[in-house]
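[1] A predicted structure for the sequence below; I have some questions about it.
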Amino acid sequence: MSTIAEFRLPAEETALSVVFEYVPTATVELEPSVSKTLPCLWINDVDAEAVEAALDDDPTVDAFELLVEADGRLLYDVSFTPDARGFLDDLLGDEASLLEATVTSGGWQVRMRFRDREDLCRAHDRLVERGINADLRRVTELTDASSPHTRLTPQQQEALAAAFEHGYFEIPRRISMEELAAELGISHQALSERLRRAYETLVDAELQPMSDQPN
């Protein structure tokens, strides 16, 4: 059965720690990937001049190119040094999938899907052997019984469940967006986007004619 695992990894033991010395308020999000080709990086809450000065001086970065600048977000194609990207190779080994990765001054927060718990254990062991303090925060087994037919991603389901549990949908709200994001260990921007996509998916499913819905 598939296994979902969440890690927290120190930036100083992996990559991009110097970026956050320059721009501590920045948030970096990796696009999901199912291959060992490093995905592009969305960088939020910083201007291009500041982040490019930081990337220039970060010893874990070989090269970078700005691809898109929109709505206060910057999309970069970044090439890491072989040593720096090795931890991602360790995670993506055994045909694992990168579901989500966010980097802040507090380090990397990574969500992965593994074929089974054994693959997860091997990935964790590889990180430890590399000298990385890999903090495994949560493990979820995906079974047929626990995975009903839904178009929501696991991240979207988690966000909605946490929002409901903590009273985000109540009037007045019992928790703010910032507090809920902290509970989930993700950025405010990441939570906002996750909830927006979940709402869009639920509304689309509700308004879609029954004959068009998947069996």
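    Thanks, I have the structure now.
[2] quick one: average pLDDT of the helix or strand hosting residue 121?
    Counting by DSSP states H and E, the element that carries residue 121 is helix 117-129. Regarding helix 117-129, the rounded mean pLDDT is 91.
[3] what does the very next helix or strand once past that helix contact?
    Using DSSP H and E, the helix or strand that follows helix 117-129 towards the C-terminus is strand 135-142. Strand 135-142 is touched from outside by 1-9, 117, 120, 124, 154, 185, with contacts defined as CB atoms under 8 Å, 6 or more residues apart in numbering. From N, CA and C alone the C-beta is placed, and that goes for glycine too.
[4] Mind putting those into CSV with neighbour count and secondary structure?
    Below are the contacts of strand 135-142 laid out as CSV (neighbours: other CB atoms under 10 Å; DSSP: H, G, I helix; E, B strand; the rest coil):
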residue, neighbour count, secondary structure
1, 11, coil
2, 16, strand
3, 19, strand
4, 19, strand
5, 23, strand
6, 19, strand
7, 23, strand
8, 15, strand
9, 21, strand
117, 14, helix
120, 22, helix
124, 18, helix
154, 17, helix
185, 16, coil
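[5] if I look at the closest residue to residue 50 other than its chain neighbours, how far off is residue 122?
    Excluding the flanking residues, the one nearest residue 50 by CB to CB, 6 or more residues apart in numbering is residue 23, at 5.2 Å. As for residue 23, its distance to residue 122 is 35 Å (criterion: CB to CB, to the nearest Å).
[6] which of those two has more neighbours?
    Here residue 23 and residue 122 are set side by side on neighbour count (other CB atoms under 10 Å), and the busier one is residue 23, at 20 against 14.
[7] give me every residue that touches the more buried one.
    So, once contact is read as CB under 8 Å, 6+ apart, residue 23 ends up touching 46, 50, 51, 54.
[8] re the thing from before, what's the closest of the contacts of strand 135-142 to residue 110?
    residue 7 (4.6 Å; CB to CB).
[9] circling back: Throw together a PyMOL command that grabs the buried residues out of the contacts of residue 23.
    This is how PyMOL selects the buried members of these, with burial counted by 16 or more other CB atoms under 10 Å:
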select buried, resi 46+51+54
